[in-house]
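S.K.: Model the following, please.
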Amino acid sequence: MDRSALTPPALAEDVCPLLVGAAIPEVTLLTADEAPFDLKAATARKPAIIIFYRGGW
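M.R.: Next up is the predicted model:
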């Protein structure tokens, strides 16, 4: 897997957040165990609040 795509933007101006009510794009994320997680499928049945934390712990 190419990890360079996982690098967060360096500047706040480079961030393109989803706005309230926006559709979730077709994307597969990795869990902490590096298992694939289909975000759109996981939120398809009901409204969701999604929070991403930037950082390494």
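
S.K.: Tell me where this structure has strands.
M.R.: Here the chain has its strands, by DSSP state E, at 28-30, 36-38.

S.K.: nearest to Ile50, of the ones you listed?
M.R.: Closest of those to Ile50 is strand 28-30, at 10.2 Å (criterion: Cβ to Cβ). No exception for glycine: its C-beta is placed from N, CA and C like everyone else's.

S.K.: May I have the strands that pair with that closest one, each with its orientation?
M.R.: Within its sheet, strand 28-30 is paired with strand 36-38 (antiparallel), according to DSSP bridges.

S.K.: how about Pro25, what does it touch?
M.R.: With contact taken as Cβ atoms under 8 Å, 6 or more residues apart in numbering, Pro25 is in contact with Lys40.

S.K.: residue ranges with poor pLDDT in this protein?
M.R.: Low-confidence segments of the chain, defined by pLDDT under 70: 1-6, 54-57.

S.K.: mind putting the strands of the chain in a markdown table, mean neighbour count included?
M.R.: Converted to a markdown table, those look like this (neighbours: other Cβ atoms under 10 Å):
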| stretch | mean neighbour count |
| --- | --- |
| strand 28-30 | 11 |
| strand 36-38 | 11 |
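
S.K.: Any chance of TSV for the ones you listed, columns distance to Ala12?
M.R.: As requested, the strands of the chain are arranged in TSV below (distance: least, Cβ to Cβ, whole Å):
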stretch	distance to Ala12
strand 28-30	22
strand 36-38	26
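
S.K.: I'm done for today, thanks for sticking with me.
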